[in-house]
Structures are given as C-alpha cells and as structure tokens.
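structure for the following, please:
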Amino acid sequence: MSPSATSSGCPTRRSRKPASASAAPSATGQPLNPPDSFRSLERYVTAQVPNNFTQGTSNVASDAFVGDWSQFAIGMRTSIRIEATQLGADENGLGFASLSVLVRAWMRVDFAVLQPSAFVVISGLTA
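This is a model prediction of the structure:
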C-alpha cells in the first residue's frame, strides 16, 4: 500500500480499510450495539498492534488507541529520499551478482502529542 501525496510531494495520512462496527451478541443472544458516539469514530485496523496480550483469562487481548488525531503532529524535516543501486551487496552477498536491485528509503520526521488529554489507550480488548 502506498500513501497518497500532496502537490508538494509530501505523503498524506496512510490508512487501511476502516474496521466494521459489528455488534457482539449478549448472553441472551441480543446484539450489544455500541453508542452512536463510538460508531461515528473513524476506525482503522493494523497488524502493528499485538493481539496476544493477557487480560484476565484471555491471552488474545489487544489495545485500541482512541483520540482526537488533530492533536497529534507529524513534522517532516526532509522529504522522502529513495535510492537504488545494482552495484552494492547486502550482508548475504545479494546484489549485482544475483541480478538484484538494492533500494533504500529514508526521511527525517518527528512526532508530538499536542494535547495529551485528547488521547486514551483502551487495553484488554478481545474479539
């Protein structure tokens, strides 16, 4: 997945398909619908947050990061730089001899939370 870019070439927000807000059944089999305030939130899923935390008797719990993302800043010092070469080799000796192309990408960025009270981590979530 590649991020979209603004006219200046700077990447915009990268996201995956929004997660669904399906209702879980209660003990009586009736759906437990989340409140409208929760359903109206944009949700994105990622494989970068582990789902093997222990919470009570469950060992498949995870975390959710909820917040006002307008209070999270990303500063970019340099635009992304992408370099490729057929002449070099990696630690395994792959490169020119194996018809490989080595690619390196880097940029200088920093992150800051502008208002810490705008964020919360919800721990112990299970499917």
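
helix or strand for Ser37, which one?
Secondary structure here is read from DSSP states H and E; on that basis Ser37 sits in helix 36-39.

what lines up beside the helix or strand just after that helix in the sheet?
Of the helices and strands lying after helix 36-39 in sequence (DSSP H and E), the nearest is strand 53-55. Using DSSP bridges, the neighbouring strands of strand 53-55 in the sheet come out as strand 58-67 (antiparallel).

residue contacts, Val81?
Careful, residue 81 is Arg and not Val. Remark: with contacts taken as Cβ atoms under 8 Å, 6 or more residues apart in numbering, Arg81 is in contact with Ala105, Trp106, Met107. Yep, even glycine has a C-beta here, placed from its N, CA and C like the rest.

gap between the two ends of stretch 97-111?
This stretch, stretch 97-111, spans 40 Å end to end (Cα to Cα, to the nearest Å).
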